[in-house]
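Q: Coordinates only, no sequence provided:
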């Protein structure tokens, strides 16, 4: 859910692929910008504790987006050092992609440096997944 950019009161469901227009009772109207959801998603990544990962699926539930839309938004992360998208993995534990320099190899190095074990190309979600009320 997103809040109106002007009054911060009304909520809306955001489906970026539909090209919806936002109209709020406060008078604000305009196109739904992918940047607003993308920014919220990136800010959320900073809340993931060291040594933990989240899945594209859990982020999709939180932001009411398809997991592939989450992956697409994260692929546009131009500041992977500031917004740790390397901490997002597939719902089966597979690493997925990485927008930072070096791609998945770098993602693997960053996860290991964070204390996350990778075996056979997967993260053990039972051990390393961050499950929190923030996500659900």
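A: Nice, I can see it. No experiment lies behind these values; they were computed from the predicted model shown. Numbering: from 1, shown residues only.

Q: Grab the most central residue of the protein for me.
A: Most central in the chain under CA atoms, centre = their mean is residue 41, positioned 4.6 Å from the mean C-alpha point.

Q: how much space between that one and residue 109?
A: Applying CB to CB, to the nearest Å, the value for residue 41 to residue 109 is 23 Å. Glycine gets a C-beta too; all of them are placed from N, C-alpha and C.

Q: before we move on, what about residue 103?
A: In this view, residue 103 and residue 109 are 11 Å apart by CB to CB.

Q: Could you verify that residue 70 is part of a helix?
A: Yes - Residue 70: assigned to a helix according to DSSP: H, G, I helix; E, B strand; the rest coil.

Q: Most remote residue from the middle of this structure, which is it?
A: Distance to the chain centre peaks in the chain at residue 27, reaching 29.7 Å (criterion: CA atoms, centre = their mean).

Q: Now do the phi/psi pair for that residue.
A: As for residue 27, its main-chain torsions (degrees, to the nearest 10) stand at phi 110, psi -10.
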